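>>> How does the following fold in three dimensions:
(3 chains)
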Amino acid sequence: MAPPSYYMILSAVLFCIGVSGVLLRRNVLIIFMSIELMLNAVNLAFVSLSRAWGSVDGQSIVFFVMTVAAAEAAVGLGIILATFRNRATVNADEINLMRW
Amino acid sequence: MAEHFPLGLILLFPAIGVVFNLFVGQRAGRTTVGIVGAGVIGAAFVVGAVAFGRLLGLPTGGALTSTLWPWIEAGAFKVDVALRFDALTAVMVLVVSGVGMLIHIYSSGYMAEDGDYARFFTYMNLFVLSMLTLVLADNLLLMFVGWEGVGLCSYLLIAFWYTNPEYAYNGRKAFIVNRVGDAAFILGILTTVWVGATHGLWTLNFVELRQHIAWFGPATATMICVLLFIGATGKSAQIPLYIWLPDAMVGPTPVSALIHAATMVTAGVYMVARLNFLYLLSPDAMELVATVGTITCIFAATIAITQPDIKRVLAYSTISQLGYMFLAVGVGAFSAGIFHLMTHAFFKSLLFLCAGSVIHGMGGEQDMNKMGGLASKMPITCTTMWIATLAIAAVPPFAGFFSKDMILSGAYTSGHFGLWLLGLITAGFTGLYMFRLMFMTFHGESRVEPERAHHLHESPPVMTLPLMALALLCVIGGWVQLPEGWLWGGSFSRFLSGSVGIFKPALEASDLGLSILSLAVSLTGALIAYIFYIRYPGLPTYLAWRAKAIYQLLLEKYYIDQIYDALVSRPLFFIAQYVLFKGLDYYTIDGLVNGTGTTVEASGDAVRRFETGNVQHYALIYLIGAVGIAAFYLYLVMR
Amino acid sequence: MPLWLFIFLAALAIIGAAGVVLQRHPVHSLLSLVMTLVVIAVLFIGLGAATVGFLQMIVYAGAIMVLFLFVIWLLNLQSQPLEPGHLALKFLGSLGSAALIAELLLFVVHPPPAITQNRAVAMDFGSIGRLAQSLFTDYLIAFEATSVLLLVGVIGGVALARRTTAGGGGAPGGTP
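Predicted coordinates:
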């Protein structure tokens, strides 16, 4: 029986891999995937703590996180499409309209 | 003794005139504006006359009162907008509205060609409203409202033709000089409140102040009286603050007649008379008032002798006559001062209106050196102006004779021989400069420029009728107060005694002897003028050449304007320009403001470099924050 | 869940996650991500959260990942080399990630006493019934709000992705 802290360690590792993906890759789609990875890492932490506490509240939160992730994916991918249509790139370096 | 009467009506009518002329005047025709402008003053005069009738039915010292609304209630300090109509106010209201109405009628002719007809009447009505507020107020604070109101109107009307920079400058000069006096006036009011407050009664009401007169010690009374008198020297053009009045003559002539001769400038005299109970507590202040008045009186008269501008002569004459009034109230002859105030309102406004008529006929010319021989062209103006001249020169039976005689006898019998002597000499100067003015303007050889000569004309009836009405007043106006013992002698003093008390002479003197003496001095002055300007017209030039220094000194008005300029204006300008504006405002305050802006801009420029537009940079900063927050919680957990 | 199984699954999840970041072709990254998500779903079920685990499998590993795949194909993305440059960003990003993971691990090493061991739970823990009970009582308002959120997401996705054609009418799309 793996104790909760093991799950937490796994969650932390996955989360930081996601963080490094966001920071290190240029492709906005990969960045997006890394964000999904981070969300799942957090979900894992929630579920393991839910089990540790013996409460379903954590699972409810996971449910909401999934909903948000779904909506975010729809809108985010829409933005990526629209941007690609205008600038023909998915490179985050070249998408800098908000530059000073 | 105080009876209620709707005194608010006296103020309501001019207020209606102001509102009408301000908002409707531009669209209404000139005739309507003129009728409304003069009509509302006439209505105020009628209400004032009715109130006067009611007042005569009351015993001496009675008054009509009316409280309009509570004004200030701050703790124990309470001031109402309340009006009080006693004998002194009655005289002032009738003079202000009566003379004011005649001048309004005259103005409708004089200003007929002016583009800003409605604005003129708005200001004039506002002036009468303020002046009536001043004289009707039952407390010092409401009086001050009127005091400031007339000052404002004076400024607006002096600078009426504001497109001329010099006129606008003179308007500002009048306003600023008045501010100097008003500052002292405010201090006087505050001191009065303070005295009452130390005794638990926060009041500025004249009646209550008079009841509690015992609270005022001699030192406090002197302080208040001197402060208020400094305010009066500004408003009533006495030394040292008289300098604005001659320059105020650039305004339209009816304005000079109404504001700068008949009414506003007498506000200081009225104030001293109104607060006579306070001034009587302080012999020092009374001496100051009398001395300043007398010195101003003779000082201005000497300047008037040499001035070439017809209106400036009258302006200095006004200052001189105001000096007489202050002499009167200063020696305690308050009713004499008010009496002279009244007769002066008649003859001086008539003089100004006649001068206006001359200027009107001359097409704007004011230099007497370019007049002469106008009598045949302008007979009505000439006749009425002669009446006014005889009145101001104190020739019996014209109005000025009785009032000036009363002042001089008051000065003599109260023991002020020096002041009396100066007043007597001034009477000679008065005759001199007034007859000089008449001779130079209406008689002798014509020096009128040819292109002006052919359209020289008498003024229309709308202007000459008020002249005739005022001329009548100049003749009979003095008869309300004949010397004691003659017919109804002393009736005016008795009427006023409820407000200003009875003058008690310190010593006996022959009224008749004094009268004959002052008349002789006046006529001597007139005779000199005759010799100089009719008999031997070359003589003034010769004399001016022989006594060049004195002549220059008088012509340049003792260089007072230049002295003030060097001692007051220039240092103030220097401080304002280089210390306050350049040093403080431009470099310090602007520097702070601009420095703030520059700092914000520079820091913003530095910070905006972080706005790379690259989402990953933002994410990195986000991560740094997250690491920091996590570190903080870690610290809390591990502690 | 036995420890050896957890370690095996954890290794799979980490390999998949690393693949997301390290793969050059977006489709490969995506497939790595799917693997991680599936492993996490298994972990959920192992933790007794059956409902959430299946939702994870269906919604995440299924629907959302298919959406990603469609977009990759739509954009016709090809394999790209790992981008050079931005050394400062890479260095700081690696450093930040390392710092974060160090901190998180420190947290786990010093856990609050309550979560060192799992509590005993009822048989139906994590069942759809228990979850529904929680969602429709304690989280009712949030649950209703998610419906609005999803609606907004749908509308936003449509508005952003639609192609504005010349004279095509309608509101302008997501093309700025």
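
>>> show me the contacts for the nearest residue to residue B:309 once chain neighbours are set aside.
Distances taken as CB to CB, 6 or more residues apart in numbering or on different chains put residue B:366 closest to residue B:309, at 5.1 Å, once the chain neighbours are dropped. Yep, even glycine has a C-beta here, placed from its N, CA and C like the rest. By CB atoms under 8 Å, 6 or more residues apart in numbering or on different chains, the residues touching residue B:366 are B:309, B:310, B:311, B:359.

>>> which of those residues count as buried?
B:310, B:311, B:359 (16 or more other CB atoms under 10 Å in any protein chain shown).

>>> so of those residues, which ones are in helices?
B:310, B:311, B:359 (DSSP state H).

>>> among those residues, which are within reach of chain C?
When CB under 8 Å from any CB of the partner chain is applied, no member of these is adjacent to chain C.

>>> if we can go back for a sec, for the buried ones among the contacts of residue B:366, which one is nearest chain A?
residue B:311 (69.2 Å; CB to the nearest CB).

>>> Just give the nearest non-adjacent residue to the closest one, would you?
residue B:249 is the one closest to residue B:311 (CB to CB, 6+ apart), at 4.2 Å.

>>> just the buried ones among the contacts of residue B:366 now: which is nearest residue B:165?
Nearest to residue B:165 among those: residue B:311, at 19.3 Å, using CB to CB.

>>> Which parts of chain C are helices?
C:3-22, C:26-46, C:50-55, C:65-75, C:87-109, C:128-137, C:140-161.

>>> Off-centre distance for the shortest one?
Taking CA atoms, centre = their mean, to the nearest Å, one finds helix C:50-55 lying 14 Å from the centre of the chain it belongs to.

>>> Can you give me the buried ones in that helix?
Taking 16+ other CB under 10 Å as the criterion, helix C:50-55 shows C:50, C:51, C:52, C:53, C:55 as buried.

>>> Just to check, the residue nearest to residue B:311 is in contact with residue B:257?
No. The criterion here is CB atoms under 8 Å, and residue B:249 misses it with residue B:257 at 10.8 Å.

>>> Tell me if I'm right that residue B:206 and residue B:140 touch.
Yes. Using CB under 8 Å, residue B:206 is in contact with residue B:140, at 7.3 Å.

>>> and those two? which has more neighbours close in?
residue B:140 (24 against 21; other CB atoms under 10 Å in any protein chain shown).

>>> mind listing what that one touches?
By CB under 8 Å, 6+ apart, the neighbours of residue B:140 are B:189, B:192, B:204, B:206, B:209.

>>> Would you mind pulling the contact partners of the worst-scoring helix or strand of chain C on mean pLDDT?
Here the helix or strand of chain C ranked lowest by mean pLDDT, DSSP states H and E is helix C:87-109, holding a mean of 83. Outside helix C:87-109, the residues within contact range by CB under 8 Å, 6+ apart are A:5, A:8-9, A:12-13, A:15-17, A:19-20, A:23-24, B:616-617, B:620, B:623-624, B:626-627, B:630-631, B:633-634, B:637-638.

>>> likewise stretch A:48-66?
So stretch A:48-66 is contacted by A:4, A:7-8, A:11, A:39, A:42-43, A:46-47, C:47-49, C:51-52, C:55-56, C:59-60, C:114-115, C:117-121, C:125-126, C:130-131, C:133-135, C:138-139, C:142-143, C:146 (CB under 8 Å, 6+ apart).

>>> And stretch B:128-135, by the same measure?
Contacts of stretch B:128-135 (CB under 8 Å, 6+ apart): B:10-11, B:14-15, B:17-18, B:41, B:44, B:89, B:92-93, B:96-97, B:100, B:142-143, B:145-150, B:152-153, B:263-264, B:267, B:270.

>>> Would you mark the buried spots in that stretch?
Buried residues in stretch B:128-135, counted by 16+ other CB under 10 Å: B:128, B:129, B:130, B:131, B:132, B:133, B:134, B:135.

>>> Alpha carbons only: can I get the strand or helix carrying the fourth one in PDB?
Under DSSP states H and E, the secondary-structure element containing residue B:131 is helix B:117-136. As requested, C-alpha coordinates have been extracted for helix B:117-136 and formatted as PDB (Å, rounded to 0.1, in the frame of the first residue of the first chain):
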ATOM      1  CA  TYR B 117     -26.800  98.100 -23.100                       C
ATOM      2  CA  ALA B 118     -28.300  95.200 -21.200                       C
ATOM      3  CA  ARG B 119     -25.100  94.400 -19.400                       C
ATOM      4  CA  PHE B 120     -24.700  98.000 -18.300                       C
ATOM      5  CA  PHE B 121     -28.200  98.000 -16.700                       C
ATOM      6  CA  THR B 122     -27.600  94.600 -15.200                       C
ATOM      7  CA  TYR B 123     -24.500  96.000 -13.400                       C
ATOM      8  CA  MET B 124     -26.300  99.200 -12.500                       C
ATOM      9  CA  ASN B 125     -29.200  97.400 -11.000                       C
ATOM     10  CA  LEU B 126     -26.900  95.000  -9.200                       C
ATOM     11  CA  PHE B 127     -25.100  98.000  -7.800                       C
ATOM     12  CA  VAL B 128     -28.200  99.600  -6.400                       C
ATOM     13  CA  LEU B 129     -29.200  96.200  -5.000                       C
ATOM     14  CA  SER B 130     -25.900  95.900  -3.200                       C
ATOM     15  CA  MET B 131     -25.900  99.500  -2.000                       C
ATOM     16  CA  LEU B 132     -29.500  99.100  -0.600                       C
ATOM     17  CA  THR B 133     -28.400  95.900   1.100                       C
ATOM     18  CA  LEU B 134     -25.500  97.800   2.600                       C
ATOM     19  CA  VAL B 135     -27.700 100.500   4.100                       C
ATOM     20  CA  LEU B 136     -30.600  98.300   5.100                       C
END
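
>>> Now find how far off-centre that helix is within its chain.
That offset, for helix B:117-136, works out to 13 Å (CA atoms, centre = their mean).

>>> what is the rounded mean pLDDT of it?
Average pLDDT, helix B:117-136: 93.
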